[in-house]
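Student: Predicted model and sequence follow; I will ask about them next.
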Amino acid sequence: MNFRSIRPHYLLKIDTDSISCGPNSFDVSIPASVRRELEETNFVVVRRGVVTENWVPIGIRGHQRSQRWAAWYPRYAIKGIVKPMDLLTQVDPLKDREVSPAHRAFRSLRNAWQSLTYPWGPAGSLGFEVATGKQTTTLRSDLDVVIYADEPLSRRDAQRLLAAADDLEVTVDIRVETPTCGFSLTEYATSPTKTILLRTVDGPILGDDPWKRL
Amino acid sequence: MEQFEFKYPAKRKVLRRAHVGVVGSGDLEVLLEPTEIGAASVLVRTSVDGFKDNWKAVLDRFFGQYDGAVHIEINDAGATPGAVYLRLQQAVEASES
């Protein structure tokens, strides 16, 4: 497995004892309630950052949408990798549970995007829920999806994808990941300015070509 | 959800309004509108509570460089200070092009 094979939004099945929080210990850095939940699911999300030979930058989910704890995980201790595209066909009602609006919206989007050839799938709370089997979406959850576009996607195609996602039950946040950065499909398709915000491993920049080597 | 307003001196007339960015996790939208010369105002609405000082620091830095007479509205969904600064620059670029 080369370095580029682990990308932002992938979910890693992990062993909490192997997590590194830098100079502080895991117990000091992460609140106890978050640790307990993590020990239930043992899944973390790959965050944007430099993936090295030994370490992967990860984010640990908190109770609220805005809460994320940044940490590192040793590559050798990864127990499994779940990609958003692996979850594409798994988003179906969980047994004995209420289906959240984000769930229904995802299934509508999957129909609308049947002809999309780039790898894509659910991210955020829905992706986490489908991967772990633990109810994570709520009635108010937005839908997060990610498209991995290694080859350039034209603005015209982006506009078509966006138009097909127009009529969903919840707000959808569509992130596109290229080999060099991540950006918002909505912004790329609709921005009046030539430049858009590109999220790179060195932080956000303004640029007009998300596929240009940095 | 929190909301705050900041004011800054402004000397220069701005040509046109601008709307940049999107409200998505870790991102923000910025709406910029020309106003009368004298004062600039910024209304911040953010989904993440407890960062008023950080907002003030970013906006102080921005208005240390920028003297346009504008009213700016920011709708934030947890963007980093770096992303906020870039969005402000992008809005200014759009209002002057």
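Tutor: The structure has been received and is ready for your questions. The structure presented is a predicted model; accordingly, all values stated were derived computationally and were not measured.
Student: all contacts plus neighbour counts: C-alpha atoms, from now on.
Tutor: Noted.
Student: how close does residue B:11 get to chain A?
Tutor: Distance of residue B:11 to chain A, computed by C-alpha to the nearest C-alpha, to the nearest Å: 25 Å.
Student: How about the contacts made by that residue?
Tutor: Shown in contact with residue B:11 (C-alpha atoms under 8 Å, 6 or more residues apart in numbering or on different chains): B:37-39, B:67-69.
Student: Let's have those in TSV, adding neighbour count.
Tutor: Listed next are the contacts of residue B:11 as TSV, based on neighbours: other C-alpha atoms under 10 Å in any protein chain shown:
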residue	neighbour count
B:37	16
B:38	15
B:39	17
B:67	19
B:68	23
B:69	24
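Student: of those residues, closest to residue B:94?
Tutor: For the contacts of residue B:11, the residue nearest residue B:94 by C-alpha to C-alpha is residue B:68; the value is 13.0 Å.
Student: For that closest one, give the beta-bridge partners.
Tutor: Partner residues in beta bridges with residue B:68, using DSSP bridges, are residue B:12.
Student: that older thread, in JSON lines: the contacts of residue B:11, plus pLDDT.
Tutor: Below are the contacts of residue B:11 laid out as JSON lines (pLDDT from 0 to 100):
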{"residue": "B:37", "pLDDT": "87"}
{"residue": "B:38", "pLDDT": "89"}
{"residue": "B:39", "pLDDT": "91"}
{"residue": "B:67", "pLDDT": "95"}
{"residue": "B:68", "pLDDT": "96"}
{"residue": "B:69", "pLDDT": "96"}
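Student: which one of the residues you listed sits closest to residue A:85?
Tutor: Proximity of the contacts of residue B:11 to residue A:85, judged by C-alpha to C-alpha, is greatest for residue B:68, which lies at 45.9 Å.
Student: Name the nearest of the contacts of residue B:11 relative to chain A.
Tutor: Comparing the contacts of residue B:11 against chain A with C-alpha to the nearest C-alpha places residue B:68 closest, at 19.0 Å.
Student: what's the closest one in contact with, if anything?
Tutor: The contact partners of residue B:68, taken as C-alpha under 8 Å, 6+ apart, are B:10-14, B:37, B:40.
Student: Help me confirm that residue A:203 comes into contact with residue B:82.
Tutor: Yes - counting by C-alpha atoms under 8 Å, residue B:82 is a contact partner of residue A:203 at 7.4 Å.
Student: contact partners of the lowest-mean-pLDDT helix or strand in chain A?
Tutor: The weakest-scoring helix or strand in chain A, judged by mean pLDDT, DSSP states H and E, is helix A:26-29 (a mean of 74). With contact meaning C-alpha under 8 Å, 6+ apart, helix A:26-29 is reached by A:19-21.
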